[in-house]
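Peer 1: structure for the following, please:
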Amino acid sequence: MSFNNTQPPPEVQKILEALEKMKGSVLSFILPIAVALGIYTSVYKVGPEEEAVVLRLGKYVNTKGPGLHFKLPFGIDHVDKVNVKALYEEQFGFQTYSRNSRSSILSSRYKEIDRNINYEALMLTGDLNVAEVKWVVQFNISDPFKFKYQAQDPIINVRDVSESIMRRVVGDRTVTEVLTTGRVEISNQARELMQEVLDKYDIGIRIAGIKLQDVNPPKSVQASFNEVNSAKQEQEKMINEAETEYNRIIPEAKGKAKKLISEAQGYAKAIINRAEGDADKFKAIAREYRKAPAITKKRIYLETMENIFSRMENVTIVDDKVKGLLPVFGGGLREK
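Peer 2: This next block holds a predicted model:
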């Protein structure tokens, strides 16, 4: 018995004939759709603020910039677009946005983590005080491929590194520095240290800045801290007032002292000059006297008489040899 010549039943034969007739029409219908789908899935556009990471069968191929690009269709090439111009931020110790409103580029796993925001803000300072520090980390994506595939969750890395660095930086300072004068320095140092750690992780993130929002003592001790702070401010005010008064009085006293010293030096110099002049005059007279004693003696006598008579109101000169004159002349000294 041979099966080669066996014919299928009439019903089966009719089905086979119908399928044979439909074969050409099905191909003519599917082929254009497949071509259109292939073209559609092979073209993609990258926005002006984006970069696209291209994977081929799960393996990294390259990164494309803004513009229209082609890839292998039907899911052979996979494209991940990342906004590299946006400035992302993570908040610590407070929250002003809804977790559901965050960009899809950020961690989905983090959205499910219920962090204790109050605990996150409490930090121990170098002088063993507690400060409540709230801050914001702003960052850009510098390498889309590393950001997407180098780490399982880069946002968790950013948060963990930032919290660790901030506790370290705050722990190196006194509570007064943290609450007052050291805020800018804390921000700058934390940014530098955080960038160093993230560079070692090599996850394609660049820290744009760290901003301290609020830095306060814990609410339980805030009233006492405010009293201490007010006392310190009053102390500084009194010190400043004392320094101002010191700066006013001391220069004035120094000026008076310099004036008195200058006057005394001038008086001493005048006395010395006068004494030296008198001495020189006496020496000159002595030299003249040695040369002509009689003449010099007479000249000195006449000069002395002239000086005396010039101080008298009325002067009458009489001959001392004349006798019998009554003292009718009166005279008196007058002030020169």
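
Peer 1: tell me the contacts of Leu122?
Peer 2: Leu122 is in contact with Val130, Ala131, Glu132, Pro218, counting by C-beta atoms under 8 Å, 6 or more residues apart in numbering. The C-beta positions use only the backbone N, C-alpha and C, and glycine is treated the same way.

Peer 1: got the CA coordinates for stretch 282-294 in CSV?
Peer 2: Only the C-alpha atoms of stretch 282-294 are listed here, as CSV (Å, rounded to 0.1, in the frame of the first residue of the first chain):
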residue,chain,number,x,y,z
PHE,A,282,80.3,138.5,76.6
LYS,A,283,83.2,136.9,74.9
ALA,A,284,83.3,139.6,72.3
ILE,A,285,83.3,142.3,75.0
ALA,A,286,86.0,140.5,76.9
ARG,A,287,88.2,140.4,73.8
GLU,A,288,87.6,144.2,73.2
TYR,A,289,88.3,144.9,76.9
ARG,A,290,91.7,143.1,76.7
LYS,A,291,92.6,145.2,73.7
ALA,A,292,91.5,148.6,75.1
PRO,A,293,90.4,148.3,78.8
ALA,A,294,89.8,152.1,79.4
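
Peer 1: shaky segments in the chain?
Peer 2: For the chain, applying pLDDT under 70 flags the ranges 1-36, 38, 97-117, 315-336.

Peer 1: let me see the ranges of the strands in it.
Peer 2: In the chain, the segments counted as strands under DSSP state E are 43-46, 50-56, 59-64, 67-70, 77-83, 88-92, 122-124, 130-141, 205-216.

Peer 1: among the ones you listed, show me which one is buried the most.
Peer 2: strand 130-141 (a mean of 20; mean count of other C-beta atoms under 10 Å).

Peer 1: given it, what are its sheet partners and their directions?
Peer 2: Using DSSP bridges, strand 130-141 pairs in its sheet with strand 88-92 (antiparallel), strand 122-124 (antiparallel), strand 205-216 (antiparallel).

Peer 1: tell me the angle that strand makes with strand 50-56.
Peer 2: 70 degrees (axes from the mean of the first three to the mean of the last three C-alpha atoms, to 10 degrees).

Peer 1: okay if I get the strands of the chain as a markdown table plus distance to Val158?
Peer 2: Below are the strands of the chain laid out as a markdown table (distance: least, C-beta to C-beta, whole Å):
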| stretch | distance to Val158 |
| --- | --- |
| strand 43-46 | 25 |
| strand 50-56 | 19 |
| strand 59-64 | 21 |
| strand 67-70 | 30 |
| strand 77-83 | 15 |
| strand 88-92 | 6 |
| strand 122-124 | 18 |
| strand 130-141 | 6 |
| strand 205-216 | 6 |
